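K.L.:
dropping a prediction and its sequence here:
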Amino acid sequence: MKKLLLFLCIMLSLTSAFAQGSSEKNADETIVLKMGDNVPDRKNGLGLVIETINTEFEQTYPNVTITTESYNDQPWQEKVRIYATANQLPDVFRYWSFSTLLTPLVEAGMIEELDYEVYSQYEFLPGALEGNMIDGKLYGIPTSSDLWVIYYNKSLFEKAGVEIPTSWDDIMESADAFNDMGIIPMVTDGKDGWPLCELFDNMAQRINGDFTYVAKAQEREMKYTDESFVKTADYIQELVKAGVFQENLTTSDYGDARNAFGQERAAMYMMGSWEMGLANDTNFSENFKENLDVMPFPVVEGGKGKATDTLGWYGGNIVISSNSKIKDVANNYVEKIASDFGQKCWDLQAAFPPVKVQPLETDTHVAKQLLSIAANATTMSGTPGLDRLDNVFKEDHQELMRQLCSLIIDSEEFTTKLDASAQRAYDER
Amino acid sequence: MQSQFKDKKVIATLVLPGIIIMLIAIAAPIIISLGLSFVKWTGFGKMKPIGFDNYLRIAKDPIFWKSISNVFILIFVTVFFQNTIAFILAMYLSNIGKKLSNIFRTIYFIPATLSLVVVTKLWVNIFNPSYGLLNKILAQIGLESLQHAWLGNTSTALGSVIWIIIWQGFGWALLFYYSGIVTVPDELREAAKVDGANKFTLYTRIIIPYIMPVIQAIIIIDVTSSLKQMEMIYLSTAGGPGDTTQFLALYLYQRAFKYSEYGYGNAISVIFVILAFTLTILIRKTFAKRLESL
């Protein structure tokens, strides 16, 4: 028995020794900064920007080593929830949807407050920091200005003998011409659902001419069963029936959609301005990059919305975990992001930053077009509808969009269920 | 040595670590789950006790019932179709000579050795409506009318995911049946032949009853793996389109980690555990009666 106890004591000491070895501070005072994000490709676009900043930070602070963990959007979102439940959030991480995803973490005391005075010195665009504030306190900094647009491949339009569209009706009419040539007219990420929700918000505005309808429906000043939302849902189903999107829209994920467009199997790609890095993506052919262009979300014939009304918001927030043992280092790192991320993003043409940037002579055509869309915007939507209420509404909205686009439910059932979910979220506030 | 193993203290000392591990790894999570099923909780922050509300919600949740019905469809297909084909094939493989049998068993077992992620991605690409192999083959042989978005269409999605599950699991069923059939002693076969048994009688009266414990094990594995079917669906359709391919394990995961409804997710997991226990006990009892009567 004594031997057994001795053995257990030895094992326990060994275990604790190993456990200490894996903590943030090693014996030689090397500090490990754990960071996580939703950008798995570290050789192109945003991932390359983050890696460049990390390398520079490690050079400035030689005793700091940054370990990164990256997954695609949906798995990262789920990973953060698991880490939050286990109280093991990384020191610094990138998250999004301030009201639905970050607010619960802030309310649970898991996110460290940032000094507004410090971060407001950096050249953030008006409203960019304010979107990260709760009760007058700043909890994160945005890393992108997101515009909802349509990328297109000019050579595939020429191949199919189709004019560049100015309205969704043009797109609907040209669907057969593309499909007959074996080209998918338009792709997007339908499996994750949220791009379909952006489509819904933007399409609703093109029909009713007012981005605030969505906010009003969520504040219960009007209902999602309003005629304009029913019309929007009907119109989206018409697009699906006309063959505008890939056949497996609701089971096709982000990577599938992006690759179909980059590999020139699809003529259009509905996505955010963060995809401007497509113009430099080494994974795709030169022919694709030469023919890449971008257009604003088209109008609907007879609708009240203009092509210059833009669905746009600030996103990709960087936050510090309040559980971090190295908050000073984490703060220095986030400050580095605040000061360098925007211009570096623009230099590499990786994404549309939330700070003032200097246009460059070397800007890609896509970057120039996006700058022009932003500059010409007559109205800007602000946070999309799915991100304004709670997380259950967000998931309900995505699921209902998938069902609408799979033609499982009709526009009336869709709007009724969406309205019920908005009402529940409103009641539970 | 023998006498030491009869000493109750020695037995207790040897068994205790196992029991403690079992309690920590199995009983504790079930008890915690049961406790969490009575609260409303996002996974962090404050919990709100809500009594049996989560269970009442389950009773009225059509997606939950859809996921249960899909589990039973999968159990039915694996138990009756996959097992029948695997048994017939094992029967033939046990009669075609060792060399040929080895080659075919290896071929059939290859899918089971592949990673689930690889298998799923492989079939997702084969089923892709625009560049997938299946639609290309159908076009080549003039069957364009049968081309489909196999995983994206509500009428074919469930069949397609079940096909992927069976494709990967078939090798195991075959291996089990083959191993069972070749262990039947030659004396039994010879004796049956002497008594005038034909091939059909030999299998129905001698071989199948002899390998009944193997069949029981396979069915329990089929039922439990159907219940916990999650990764393949998550990687292929995520339960869609709509809730067409929703399965119980994936649904509870989605409720807990996508919707941040930990309480509801845990209530589903409690039902999950009860269902798994009930089905396993039912199968064991059914087989016990059958084995007793033999």
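P.N.:
Nice, thanks for sending it over. Numbering: from 1, shown residues only, chains lettered A, B, ... in the order given.
K.L.:
now B:Q246: which helix or strand?
P.N.:
Secondary structure assignment for B:Q246, by DSSP states H and E: no helix or strand.
K.L.:
quick one, what contacts it?
P.N.:
Neighbouring residues of B:Q246 by CB atoms under 8 Å, 6 or more residues apart in numbering or on different chains: B:I63, B:K66, B:S67, B:N70, B:I233, B:G239. C-betas here are computed from N, CA, C, even on glycine.
K.L.:
now the residues you listed: which count as buried?
P.N.:
B:K66, B:S67, B:N70, B:I233, B:G239 (16 or more other CB atoms under 10 Å in any protein chain shown).
K.L.:
average pLDDT for stretch B:263-271, rounded please.
P.N.:
The pLDDT scores in stretch B:263-271 average 96.
K.L.:
can you check stretch A:323-336 too?
P.N.:
Mean predicted confidence for stretch A:323-336 is 96.
K.L.:
could I get the buried residue list for that stretch?
P.N.:
So for stretch A:323-336, counting by 16+ other CB under 10 Å, buried means A:N323, A:S324, A:I326, A:V329, A:A330, A:N331, A:Y333, A:V334, A:E335, A:K336.
K.L.:
what of stretch A:133-149?
P.N.:
A:133-134, A:138-149.
K.L.:
of those residues, closest to chain B?
P.N.:
A:I134 (14.0 Å; CB to the nearest CB).
K.L.:
name the nearest residue to the closest one, sequence neighbours excluded.
P.N.:
Leaving aside its sequence neighbours, A:I134 sits nearest to A:V106 (CB to CB, 6 or more residues apart in numbering or on different chains; 5.5 Å).
K.L.:
can you pull the pLDDT of the one you found?
P.N.:
With respect to pLDDT, A:V106 scores 92.
K.L.:
same check on the one 4 residues further on?
P.N.:
Per-residue confidence for A:M110 comes out at a pLDDT of 94.
K.L.:
that one touches A:S322, doesn't it?
P.N.:
Yes - here A:M110 reaches A:S322: they are 5.6 Å apart, a contact under CB atoms under 8 Å.
K.L.:
spit out the contact partners of residue 153.
P.N.:
All of this is about chain A. Taking CB under 8 Å, 6+ apart as the criterion, A:N153 is in contact with A:F261, A:E264, A:A266, A:A267, A:M268, A:F288, A:N291, A:L292, A:D293.
K.L.:
was after chain B, sorry
P.N.:
Per CB under 8 Å, 6+ apart, neighbours of B:N153: B:P241.
K.L.:
OK, contacts around the closest residue to chain A within the stretch 51-200 of chain B?
P.N.:
Per CB to the nearest CB, B:G152 is where the stretch 51-200 of chain B lies closest to chain A, at 3.3 Å. Contact analysis of B:G152 by CB under 8 Å, 6+ apart lists A:E247, A:N248, A:L249, A:T250, A:T251, A:S252, A:S406, B:P129, B:P241.
K.L.:
near A:A375, how many residues? Count them for me, please.
P.N.:
By other CB atoms under 10 Å in any protein chain shown, 7 other residues sit near A:A375.
K.L.:
distance check, it against A:D390.
P.N.:
With distances taken as CB to CB, to the nearest Å, A:A375 is found 35 Å from A:D390.
K.L.:
cool, and B:S69?
P.N.:
Distance, B:S69 to A:D390, by CB to CB: 29 Å.
K.L.:
ditto for A:T85
P.N.:
For A:T85, the distance to A:D390 (CB to CB) stands at 17 Å.
K.L.:
likewise B:S94?
P.N.:
Per CB to CB, B:S94 is found 59 Å from A:D390.
K.L.:
neighbour count winner among those two?
P.N.:
Neighbours per residue, other CB under 10 Å: of B:S94 and A:D390, the larger number sits with A:D390, 22 against 18.
K.L.:
which helix or strand contains the closest residue to that one other than its chain neighbours?
P.N.:
Setting aside the residues directly before and after it, A:D390 is nearest to A:A425 in space (CB to CB, 6+ apart), at 4.8 Å. A:A425 is part of helix A:411-427 when elements are defined by DSSP H and E.
K.L.:
follow-up on the earlier one: name the residues of the helix or strand hosting the residue nearest to A:I134 that are buried.
P.N.:
In the assignment (DSSP H and E), A:V106 maps to helix A:103-107. Buried positions in helix A:103-107, judged by neighbour count with 16+ other CB under 10 Å: A:T103, A:P104, A:L105, A:V106.
K.L.:
from those residues, pick the one nearest B:F200.
P.N.:
Among these, A:P104 lies closest to B:F200 (CB to CB), at 64.3 Å.
K.L.:
which residues touch residue 45?
P.N.:
Picking chain A for this. Residues in contact with A:G45, defined by CB under 8 Å, 6+ apart, are A:V39, A:W274, A:G277, A:N280, A:D281, A:L348, A:A350, A:A351.
K.L.:
my bad, the chain I had in mind was chain B
P.N.:
B:G45 is in contact with A:P104, A:E107, A:A108, counting by CB under 8 Å, 6+ apart.
K.L.:
and for B:T154?
P.N.:
Taking CB under 8 Å, 6+ apart as the test, what B:T154 contacts is A:S406, A:I408, B:P241, B:G242, B:T244.
K.L.:
what about it, which helix or strand?
P.N.:
Of the helices and strands defined by DSSP H and E, none includes B:T154.
K.L.:
go on, B:V161?
P.N.:
With DSSP H and E as criterion, B:V161 is part of helix B:157-182.
K.L.:
buried set for that helix?
P.N.:
For helix B:157-182, the neighbour count (16+ other CB under 10 Å) marks B:157-158, B:160-162, B:164-166, B:168-178, B:180-181 as buried.
K.L.:
next SSE downstream of that helix?
P.N.:
For helix B:157-182, the following helix or strand on the C-terminal side (DSSP H and E) is helix B:186-194.
K.L.:
and the next helix or strand past that following helix?
P.N.:
Following helix B:186-194 in sequence, per DSSP H and E, is helix B:199-201.
K.L.:
hmm, back to that, neighbour count for A:M110 and A:S322, which is higher?
P.N.:
A count of neighbours by other CB under 10 Å puts A:M110 above the other of A:M110 and A:S322, at 20 against 16.
K.L.:
now do the contacts for that one.
P.N.:
A:A84, A:N87, A:L89, A:S321, A:S322, A:N323, B:F44.
K.L.:
which of the residues you listed sits closest to A:F341?
P.N.:
Of all the contacts of A:M110, A:F341 sits closest to A:S321, with 19.0 Å by CB to CB.
K.L.:
show the contacting residues for that closest one.
P.N.:
Counting by CB under 8 Å, 6+ apart, A:S321 touches A:L89, A:P90, A:D91, A:V92, A:F93, A:M110, A:I111, A:E112, A:A330.
K.L.:
go again using 7 Å as the cut-off
P.N.:
Counting by CB atoms under 7 Å, 6 or more residues apart in numbering or on different chains, A:S321 touches A:L89, A:P90, A:D91, A:M110, A:I111, A:E112.
K.L.:
same question for A:C345.
P.N.:
For A:C345, the contact set (CB under 7 Å, 6+ apart) comprises A:V49, A:A351, A:P353.
K.L.:
now do the phi/psi pair for the first one.
P.N.:
Spelled out, that is A:V49. The phi/psi pair for A:V49 (degrees, to the nearest 10) reads phi -60, psi -50.
K.L.:
okay, now it: neighbour count?
P.N.:
Neighbour count for A:V49, taken as other CB under 10 Å: 27.
K.L.:
now it: how far from A:R258?
P.N.:
Noted for A:V49: a distance of 18 Å to A:R258, by CB to CB.
K.L.:
repeat for the second one
P.N.:
Taken as CB to CB, the spacing of A:A351 relative to A:R258 amounts to 14 Å.
K.L.:
if you count what's nearby, which of those two comes out ahead?
P.N.:
Regarding A:A351 and A:R258, a neighbour count based on other CB under 10 Å identifies A:A351 as having more, with 28 against 22.
K.L.:
that one and A:M271 touch, don't they?
P.N.:
No - in this structure, A:A351 is not within contact of A:M271 by CB atoms under 7 Å, at 11.8 Å.
K.L.:
tally of neighbours for the nearest residue to A:K191 once chain neighbours are set aside?
P.N.:
Spatial nearest neighbour of A:K191, excluding adjacent residues (CB to CB, 6+ apart): A:D253 at 4.3 Å. Counted with other CB under 10 Å, the neighbours of A:D253 add up to 17.
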